[in-house]
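**Q** Predicted model and sequence follow; I will ask about them next.
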Amino acid sequence: MSDLVAALRETLGAGAVLTGGDAAPWSRDWTGQYRWTPLCVVRPRSTQEVSGVLRLAHDRGLPVVPVSGNTGLSGGTAGEGAIMLSLDRMNAIRDIRPEARLAVVEAGVILSQLHEAVAGHGLSFPLTFGARGSCMVGGFLSTNAGGSNVLRYGNTRDLVLGVEVVLADGRVMNLMSELHKDNSGLNLRHLVIGAEGQLGVITGAVLKLVPAPRAYATAMVAVRDLGDALTLLNRLQEATGGAVEAFEYMAHPYLRALKERFPETRPVFDREHAVTLLVEVGATAPRDVTPGPDGQVPLAGYLEEVLASMLDEGAVLDAVVAASEAQRTEMWQRRERAGEVSVVRLPMINNDVALPLDKVATFLERADARVAALDPGAQPIVVAHLGDGNVHYVIWPESDAPGLRDAVMEAVEDEVLALGGSFSAEHGIGLAKRPSMARRKDPVAVEAMRAIKAALDPKGILNPGKVLPD
């Protein structure tokens, strides 16, 4: 141990290698459900230093767990006895190129800082979610994060042109392409994005930027059921030319739990509704964002027209359109506090699933019934990126019976797969869903993944014990 720490300090400098109590911030995950004691924590400042760490670890056969903002929910950064490789000091935005609409960044850049940096150029990096103030580029690339704007802009993979990756033996794989088209062999960029650090450590990226919307129209909407919610989504897409940025669902038990956790939260409507939506459309074109003679922004008019029509039909039960940025922020805060609400009670059973849009309602009905049969006092706390079919189906169990967690997970998976869905949408596999991989993933696909892992990390040192089942 002492000779390893000495070698790492020689490579990185004395202040970049932490042990004992100094390593405590890297000894648990954000939820508090996973805790561990790392061998040490290293904080390199450059790709070359990351390479040096991995060469040392590879030579000695020591496990290395990459960590960025550590905001994950699946135990992906647990590192008992491992070298924790923190990218937090690799936090430079190397370049912003407005004409090419791209940014070149290091893995430790915090998402909200990236948002602020590109906003000065009238641009946006459109990935966003509640943890944007602490999550980092390396982390959201490693999990192929989704967030609230997938509906319009896609997942992380869709927003990346190039990556820089240090392999297990310390070699640097330069995939820092700025090209939108490149058919020169296998798409290794897409392979390492979403690999959760299993195949290499991402140290840099070339990210796509888009014009920042010049106006938003945002509303909280109550509808009769999820079928009417999809009707609203489709009508809004038609009315706005596909400008719906976010379409989020909050079930009323979640809104009750939100009020309990944050008592200052104001009720959305005068009474509770089974289905509450957060809807946002955005536009850049002058015809959509320039106020008319009456002072109304046309974009807001599109939203209000669709809502009024569905109110007349009885499909929309109530709606509040944000009249200011403060009201818009308040609306988003209700949705983005979901992570903080979900961990109010531990243990919690976190199901992050994806379904065809028209199957979400059926899934919720079936899953609720299955969970109630296993634990009558269990409370589902449900929010969803409804526009892309990603449901966060969190369970607060009442029973502490042995095996309940696995039984609930299996029951939920049964219903998801019966409806053509996936047991993992955007949170990654980590430790939490390794049993699901063993139960549900196509065995041939798992064999292919093992073969790729063995080719790039033959000693198995990179984030061991995660993702792939035993």
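**A** The structure has been received and is ready for your questions. Numbering: from 1, shown residues only.
**Q** next structured bit after the lowest-mean-pLDDT helix or strand in the chain?
**A** Taking mean pLDDT, DSSP states H and E as the measure, helix 2-12 is the helix or strand of the chain with the lowest mean score, a mean of 88. Downstream of helix 2-12, the next assigned helix or strand under DSSP states H and E is strand 17-18.
**Q** which residues touch that next one?
**A** With CB atoms under 8 Å, 6 or more residues apart in numbering as the test, strand 17-18 has contacts from Val5, Leu8, Arg9, Trp26, Cys40, Val41, Val42, Arg43. C-betas here are computed from N, CA, C, even on glycine.
**Q** Could you dump those residues into JSON lines and include neighbour count and distance to Val279?
**A** Formatted as JSON lines, those follow (neighbours: other CB atoms under 10 Å; distance: CB to CB, whole Å):
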{"residue": "Val5", "neighbour count": "16", "distance to Val279": "53"}
{"residue": "Leu8", "neighbour count": "24", "distance to Val279": "50"}
{"residue": "Arg9", "neighbour count": "15", "distance to Val279": "53"}
{"residue": "Trp26", "neighbour count": "23", "distance to Val279": "39"}
{"residue": "Cys40", "neighbour count": "21", "distance to Val279": "48"}
{"residue": "Val41", "neighbour count": "25", "distance to Val279": "43"}
{"residue": "Val42", "neighbour count": "26", "distance to Val279": "45"}
{"residue": "Arg43", "neighbour count": "21", "distance to Val279": "42"}
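**Q** Out of the residues you listed, give me the two with the largest separation.
**A** Of all pairs drawn from the contacts of strand 17-18, the greatest distance, 16.9 Å, lies between Arg9 and Trp26 (CB to CB).
**Q** I'd like the distance between Val467 and Glu264.
**A** Distance of Val467 to Glu264, given as CB to CB, to the nearest Å: 39 Å.
**Q** Between these two, tell me which one has more neighbours.
**A** For Val467 versus Glu264, the count of surrounding residues by other CB atoms under 10 Å is larger for Val467: 24 against 5.
**Q** give the contact list for the nearest residue to the more buried one once chain neighbours are set aside.
**A** Excluding the flanking residues, the one nearest Val467 by CB to CB, 6 or more residues apart in numbering is Ile429, at 4.5 Å. Taking CB under 8 Å, 6+ apart as the contact definition, Ile429 lies against Ser74, Gly76, Glu196, Ser436, Met437, Lys466, Val467.
**Q** So Ile429, which state does it fall into?
**A** Of the three states, Ile429 takes coil according to DSSP: H, G, I helix; E, B strand; the rest coil.
**Q** Over to it: give its phi and psi.
**A** Here is the backbone geometry of Ile429 (degrees, to the nearest 10): phi -100, psi -50.
**Q** Begin at 59, not 1, for the rest of this chat.
**A** All right, first residue 59 from here; so that's Ile487.
**Q** roughly how far apart are Leu415 and Ala165?
**A** Counting by CB to CB, the gap from Leu415 to Ala165 is 33 Å.
**Q** again with Ala253
**A** Between Ala253 and Ala165 the distance is 14 Å, computed by CB to CB.
**Q** coming back round to it: report all helices and strands that the least confident helix or strand of the chain contacts.
**A** Using 3 or more CB pairs under 8 Å, 6 or more residues apart in numbering; DSSP states H and E as the contact criterion, the elements in contact with helix 60-70 are strand 75-76, strand 98-100, helix 105-118.
**Q** Tell me which of the ones you listed approaches Asp376 most closely.
**A** Between Asp376 and those, the shortest separation by CB to CB is 50.2 Å, and it involves strand 98-100.
**Q** if we can go back for a sec, got a list of contacts for the least confident helix or strand of the chain?
**A** The set of residues that contact helix 60-70 without belonging to it, under CB under 8 Å, 6+ apart, is 74-75, 77, 97-98, 100-103, 107, 110-111, 114, 118, 120, 141.
**Q** 6 Å - rerun?
**A** Identification of contacts with helix 60-70 by CB atoms under 6 Å, 6 or more residues apart in numbering yields Val75, Cys98, Val100, Pro102, Glu107, Gly110, Leu114.
**Q** where do the strands sit along the stretch 59-208 of the chain?
**A** Remark: strands of the stretch 59-208 of the chain, listed N- to C-terminal, are 75-76, 98-100, 122-125, 141-144, 151-155, 160-164, 181-182; assignment by DSSP state E, counting those that start in this stretch.
**Q** Let's have these in a markdown table, adding distance to Thr420.
**A** Formatted as a markdown table, the entries for the strands of the stretch 59-208 of the chain read as follows, by distance: least, CB to CB, whole Å:
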| stretch | distance to Thr420 |
| --- | --- |
| strand 75-76 | 49 |
| strand 98-100 | 46 |
| strand 122-125 | 38 |
| strand 141-144 | 42 |
| strand 151-155 | 44 |
| strand 160-164 | 41 |
| strand 181-182 | 35 |
